[in-house]
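Asker: quick one: sequence plus predicted model below, questions after.
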Amino acid sequence: MAGAEEKGMSDIAADAPLFEAVIVPHRSLSRHGLALVIAAVAAAGSLTALLFFLLGAWPVAGFSGAEIALAAILIRAHARVARESEVVLLSERRLRVIRTDRKGGRRESVLDPAWLRVELRERPGRVPALLLAGGRARHEIAARLGEVEKRDLAAALAEALHAWRHPRFDNPQLRDE
């Protein structure tokens, strides 16, 4: 029984993260701020609709109402996308990419870090793609980050993979005193 416990503890230690990055889309508004934006759009649209209604152009009021509804739907859809996240975990054994979609569903990819390369694929006029490449397989991560954040993440992850491949062993007996 003690052997099984020791093995279980070593499994936990082997999965302890050496590098961890939590990637979330930029969230500029809280729920309260989002409600205020929707209220401001609705107020401005309602004033426009009222003005045109009073001028006798009553069909514009209907279109203005449709515009308000569409704006509210699009703002809410944008807020739902902000619930997405990605976690990149490098442990002694593996690199895991855990993606959570806007509905809360989770997908996990497990990659062998021994052969992984971090690549930034430049795309003219667009933010570069951050790829984890191993053999022929390529996995894009951090798709919702901006260029500066992707470059920072690529550098940090490449450094962590380098440190994983080239560990430094500190033996106190070999130190010069």
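Answerer: Cool, got the structure. Since the model is a prediction, treat every value here as computed from it, not as a measurement. Numbers count the residues shown, from 1 in each chain.
Asker: what's the domain layout of the chain?
Answerer: Annotated domains of the chain cover 18-26+85-165, 31-81 [automatic domain parsing].
Asker: JSON lines please, covering these and showing distance to Q173 and mean neighbour count.
Answerer: To be clear about C-beta, it is placed using only N, CA and C from the backbone, and glycine gets the same treatment. Shown next, in JSON lines, are the domains of the chain (distance: least, CB to CB, whole Å; neighbours: other CB atoms under 10 Å):
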{"stretch": "domain 18-26+85-165", "distance to Q173": "23", "mean neighbour count": "15"}
{"stretch": "domain 31-81", "distance to Q173": "55", "mean neighbour count": "13"}
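Asker: tabulate those (JSON lines), appending distance to D176 and mean pLDDT.
Answerer: Compiled in JSON lines, the domains of the chain are given as follows (distance: least, CB to CB, whole Å; pLDDT from 0 to 100):
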{"stretch": "domain 18-26+85-165", "distance to D176": "24", "mean pLDDT": "89"}
{"stretch": "domain 31-81", "distance to D176": "56", "mean pLDDT": "87"}
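Asker: let's have those domains in TSV, adding distance to L174.
Answerer: Output for the domains of the chain, formatted as TSV (distance: least, CB to CB, whole Å):
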stretch	distance to L174
domain 18-26+85-165	20
domain 31-81	53
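Asker: out of these, which is closest to P172?
Answerer: domain 18-26+85-165 (20.4 Å; CB to CB).
Asker: distance between the ends of the closest one?
Answerer: 12 Å (CA to CA, to the nearest Å).
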